[in-house]
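>>> 3D, please:
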Amino acid sequence: MNRIFVYGTLKNGQPNHFRLMDPCTGTTLFVGVGETVEKYPLVIERSWNMPCLLHVPGTGWHVKGEIYDVDDEKMKFLDYFEDHPEMYTRTLISAEHSKDTRCSDPESQSNAHNSKENQPNICSECWCYFYNDRDSVRDLPHIDVYDSKGDHGLEYDASIDAEFDKDNKP
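Okay, the predicted model is just below:
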């Protein structure tokens with residue numbers, strides 16, 4: 001199995017979570033709610049309002065997300081879905097999580113730090129997708145947790161996924 005850290009539209013309650021959980025593209029097991037050990041800038045790109053994590057370690061915030069174990073078939077699908085290595089590059093990072101196996105929502109992720117204080121943390125090496133076009137988004141505000149319907153007012157534009165679905169019809 002491959003361990004992954006998701007921070008955007010693939011999280012529970014977000015527009016593309018169904019893709020992560022689709023058994024037709026491989027196996028996915030929820031591990032826990034977590035956050036990056038290193039700080040990274042997480043921004044919302046403006047043409048599609050999609051979340052973009054930038055590989056600039058030590059900058060930004062400890063990003064909150066979810067950790068999953070996926071099989072090789074799902075990993076191959078995720079590489080294709082994330083347009084790796086063209087749009088996003090898959091890179092190993094360290095993420096901390098507790099043994100809490102409940103799926104998250106954005107509100108519980110915001111409170112995750114408080115709830116983790118009484119639980120032992122586990123550090124895992126996880127694959128994570130970093131946005132390649134850093135120059136186009138470098139000046140955007142950094143956030144620590146993404147929600148497609150958050151108070152930022154930048155709702156995710158799912159029409160980009162309609163193009164993906166059209167290109168992937170059997």
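>>> drop to CA atoms for contacts and neighbour counts, all remaining ones
Noted.
>>> for the strand or helix carrying residue 4, the distance to its chain's centre please.
Following DSSP states H and E, one finds residue 4 within strand 2-6. Mean-position distance between strand 2-6 and its chain equals 9 Å (C-alpha atoms, centre = their mean, to the nearest Å).
>>> ok, residues contacting that strand?
Outside strand 2-6, the residues that touch it by C-alpha atoms under 8 Å, 6 or more residues apart in numbering are 65-72, 75, 95, 124-129.
>>> Recalculate using a threshold of 6 Å.
65, 66, 67, 68, 69, 70, 71, 126, 127, 128 (C-alpha atoms under 6 Å, 6 or more residues apart in numbering).
>>> Now tell me what touches the helix or strand following it from outside.
Note on strand 2-6: by DSSP H and E, the next helix or strand toward the C-terminus is helix 17-21. For helix 17-21, the surrounding residues in contact (C-alpha under 6 Å, 6+ apart) are 10, 11, 28.
>>> Could you pull up the residues touching the second one?
Listed by C-alpha under 6 Å, 6+ apart, the contact partners of residue 11 are residue 17.
>>> So what does it have for phi and psi?
phi -70, psi 160 (degrees, to the nearest 10).
>>> any idea how far it lies from residue 65?
7 Å (C-alpha to C-alpha, to the nearest Å).
>>> now residue 28
As judged by C-alpha to C-alpha, residue 28 and residue 65 stand 15 Å apart.
>>> More neighbours: those two, which one.
residue 65 (28 against 21; other C-alpha atoms under 10 Å).
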